[in-house]
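Novice: Quick one: sequence plus predicted model below, questions after.
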Amino acid sequence: MIDRLKLILPSEWIATRPDIALAVKVSEHTGEVYDWREGEIDGWKIEIHRDGRTVLTGSLHKYHSGAHNGGPFGWHDVAAAVRCLATRLQLAPERMKIEVMEFGVNILMPSQPAQLLQRALLHGTHELNRNTYGGRGHLVEAVRTQYYLKLYDKGWQLVSTGQLLHYPGHVLRVEAKTRAMEWVKSAGVATLADLCNPAALERLGSILQRAFAEMLFACPMPLPEGLPKTTAALLTRGATVPYWKGLTPYSHTATKTKFRKAQALVPDELLHAATVGLPATWLQLLKQPEPGAAAAAVEPALPLASVRPSEALNKDSDARTAYVPHTLPLSVSSPAAAGEGGKARTLPTMLPANDDERRGKGSMQARTPAADGGLPAREQRARNPVASSHPTGQRRCATCGLPINTGNPLAKFCSPVERGKQHARRCRNADSNPRLAVRRTLQTREARVGGTLPIPFAA
C-alpha cells in the first residue's frame with residue numbers, strides 16, 4: 001500500500017537528538033564534498049542541509065516488516081508503522097511533511113505479467129520507459145509531470161527476498177511515485193499523520209486506479225476470427241508504438257477512442273485481471289482487521305474471474321464526480337473507517353444525467369425558470385442529481401445528459417469530436433455561465449459601493 005517516503009522534518013528537531021551520529025557526505029567517485037551531513041536511524045536516512053532543511057528518507061513497509069517490502073501491508077499495519085516511527089523519532093507525525101511518496105498494490109495474475117507488460121503502448125499520449133534487467137524482470141514506467149507510474153513483475157523481487165510465499169503465483173506490481181504532492185492533494189495526504197486515515201488511503205486507491213486506466217495496451221495476438229475488417233485492421237496497426245507517434249494530437253484522441261471500443265471486442269484475460277485486481281486488492285488491504293481480531297472480520301475477496309465492473313457499480317454513489325472507465329469503486333465497511341453512523345463509503349462512479357436538459361439549448365435554457373414557475377433546470381439537477389441507469393455506468397454530459405464515449409476518463413461535458421463544436425460549447429457554457437453571472441453581478445456591486453462583498457456559493 002504505502003512504501004517509500006521522503007519526509008521533511010522541523011529544522012530544530014536534530015538538536016534534540018544528540019544520539020544520532022552525522023557525517024559529511026563525500027562522493028565516492030569524484031571526492032566532491034556535498035553541502036549536507038548524513039546520518040541513519042533504524043534504516044531511515046537523514047540529511048541535514050546547511051540551510052537547516054532536514055530530510056528523512058526510507059521505506060515505511062520495510063520499517064514495519066524489518067527487512068523487506070514483499071508481503072501485504074494493510075492500513076492497520078500502516079498506522080502501526082507511523083506510530084512506531086513517530087515514537088522512535090520523538091516527533092509528532094503531524095509535524096512530518098511528506099514530499100515524495102510511493103504507493104501501490106501487488107496483483108495476482110493468471111500468468112506471467114511480462115506477457116501484459118510487453119503489450120504496453122502508451123500512458124495517455126506519453127511514451128513508456130522499459131527495462132528488462134537482462135532478462136531477469138520487466139519494468140514499464142510512465143513519466144508524467146506530477147508523478148511516475150511503474151508496472152513491473154514483482155515475482156522476481158519476491159523470489160530474491162524469499163517472500164514468494166505471500167503470493168502463490170504470478171504477481172504484477174502497480175505503483176505510483178509522486179513528483180509533486182499536488183497530484184494527491186485531493187486525497188487529503190500532506191503529513192505522515194494523514195496516512196493513518198483510512199478515508200485518505202481510500203482516495204489514494206482511486207487516484208491509482210485513474211492513473212492505471214490511462215494505460216493503453218495492445219490486444220493479444222492473433223486476433224479472434226469474425227472481427228470486422230476495419231476493426232481488425234485498427235487493432236493490428238495500433239499494436240505498435242510508431243503508429244501512435246505518427247498521429248496528430250486531434251486524430252490521436254479520436255483514434256484512441258475507436259481503439260478502446262474495438263479492444264473491448266477481444267478477450268484479454270491478463271488486462272482484465274489487472275483492471276479488476278487493482279481495486280479488489282486495495283479494498284482488501286483497507287479491510288485488514290485490527291490485530292487480534294477474528295479472521296471472519298475480513299470479507300473474502302471475490303475471485304478475479306467472477307468480478308465484473310457492472311456488478312461493482314453503486315447506485316447510491318455521489319453522482320457529481322466523474323466516472324472513470326474500466327475501474328471499480330472502492331468501499332470501506334469498517335466502522336472506524338466509515339465515519340459517522342458506520343455507513344460504508346463508496347467511491348463515485350458516474351456523472352449526473354438530467355432528462356429535462358437533453359435538448360442542449362445552451363446557457364439560457366439552464367438559467368431560465370421552468371414554465372410552471374419552479375426552479376431552473378440546472379438547479380433541479382444540482383439538488384436532485386440523477387445517476388445513469390446504464391448497466392456499465394455510462395458517463396453522461398453534466399448538462400445535456402447525452403452519453404460521453406470519448407477516451408478522456410475525466411470528461412464532464414460533451415466532446416467537440418463526438419458532438420460538434422457548437423454543441424460542446426453550449427454544454428460547457430450552460431454549466432459555467434450561471435457561476436460567472438453571479439460573480440459579475442457582485443463585481444459590479446462592489447464597484448458601485450467601493451467595497452468587497454462576500455461571494456455566495458453557486459451550485
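Specialist: Structure's in. What do you need?

Novice: Low-confidence ranges, the stretch 51-200 of the chain, go.
Specialist: Within the stretch 51-200 of the chain, the stretches with pLDDT under 70 are 160-168.

Novice: one more time with 80, if that's ok
Specialist: 67-71, 133-137, 156-169 (pLDDT under 80).

Novice: And the helices in it, which stretches?
Specialist: Remark: helices assigned in the stretch 51-200 of the chain by DSSP state H, counting those that start in this stretch are 60-65, 75-89, 114-117, 154-161, 198-213.

Novice: now these in JSON lines, with distance to Tyr243 and mean neighbour count?
Specialist: C-beta: built from backbone N, CA, C; applies to glycine. Converted to JSON lines, these look like this (distance: least, CB to CB, whole Å; neighbours: other CB atoms under 10 Å):
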{"stretch": "helix 60-65", "distance to Tyr243": "39", "mean neighbour count": "20"}
{"stretch": "helix 75-89", "distance to Tyr243": "42", "mean neighbour count": "19"}
{"stretch": "helix 114-117", "distance to Tyr243": "19", "mean neighbour count": "21"}
{"stretch": "helix 154-161", "distance to Tyr243": "30", "mean neighbour count": "18"}
{"stretch": "helix 198-213", "distance to Tyr243": "21", "mean neighbour count": "21"}
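
Novice: biggest helix in the chain, by residue count?
Specialist: In the chain, ranked by residue count with DSSP state H as the criterion, the top helix is helix 421-449.

Novice: I'd assumed Leu192 was in contact with Glu96.
Specialist: Actually, residue 96 is Met rather than Glu. Yes. Between Met96 and Leu192 there is a contact under CB atoms under 8 Å: 4.1 Å.

Novice: how about the strands of the stretch 1-150 of the chain, start to end?
Specialist: Assigned strands in the stretch 1-150 of the chain, in chain order: 2-9, 23-26, 33-41, 44-49, 54-59, 97-109, 120-123, 129-131, 139-143, 147-153 (criterion: DSSP state E, counting those that start in this stretch).

Novice: and Met221, which of these is closest to it?
Specialist: Smallest distance to Met221 across the strands of the stretch 1-150 of the chain (CB to CB): 13.4 Å, for strand 120-123.

Novice: Tell me if I'm right that His22 and Ile41 touch.
Specialist: Careful, residue 22 is Leu; it's not His. No. Counting by CB under 8 Å, Leu22 stays clear of Ile41, with 10.8 Å between them.

Novice: Now the common contact residues for those two.
Specialist: Counting by CB atoms under 8 Å, 6 or more residues apart in numbering, Leu22 and Ile41 have no common neighbour.

Novice: rewinding a little: relative to Ser206, which of the strands of the stretch 1-150 of the chain is closest?
Specialist: Set against Ser206 and scored by CB to CB, these come closest in strand 97-109, at 11.7 Å.

Novice: Confirm for me that Cys84 is in contact with Gly66.
Specialist: No. Using CB under 8 Å, Cys84 makes no contact with Gly66, being 11.2 Å away.

Novice: Identify the residues contacting Val24.
Specialist: By CB under 8 Å, 6+ apart, the neighbours of Val24 are Val33, Tyr34, Arg37, Glu38.

Novice: Repeat that for Ser111.
Specialist: Going by CB under 8 Å, 6+ apart, Ser111 touches His170, Glu269, Leu270.

Novice: Buried ones only from those, please, as a PyMOL command.
Specialist: The following PyMOL line selects those of the contacts of Ser111 that are buried, judged by 16 or more other CB atoms under 10 Å:
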select buried, resi 170+270
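
Novice: Reformat the contacts of Ser111 as CSV; add distance to Pro279.
Specialist: CSV is the format used below for the contacts of Ser111 (distance: CB to CB, whole Å):
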residue, distance to Pro279
His170, 19
Glu269, 18
Leu270, 16
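
Novice: when you check the contacts of Ser111 against the strands, which ones overlap?
Specialist: Among these, the members falling in strands (DSSP state E) are His170.

Novice: Return the closest of the contacts of Ser111 with respect to Ala211.
Specialist: Among the contacts of Ser111, and counting by CB to CB, the member closest to Ala211 is Leu270, at 18.4 Å.

Novice: and that closest one, what pLDDT?
Specialist: pLDDT, Leu270: 95.

Novice: Likewise for Ala366?
Specialist: Ala366 is assigned a predicted lDDT (pLDDT) of 39.

Novice: just to revisit the earlier point, looking at the strands of the stretch 1-150 of the chain, which is nearest to Pro249?
Specialist: Among these, strand 120-123 sits nearest to Pro249 (CB to CB), with 13.1 Å.

Novice: which other residues reach the closest one?
Specialist: Against strand 120-123 from outside (CB under 8 Å, 6+ apart): 128, 140, 142, 144, 149, 151, 214-218, 238-241, 244.

Novice: Whichever of those end up buried, select them in PyMOL.
Specialist: Here is the PyMOL command that picks out the buried ones among the contacts of strand 120-123, judged by 16+ other CB under 10 Å:
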select buried, resi 128+140+142+144+149+151+214+215+216+217+218+238+239+244
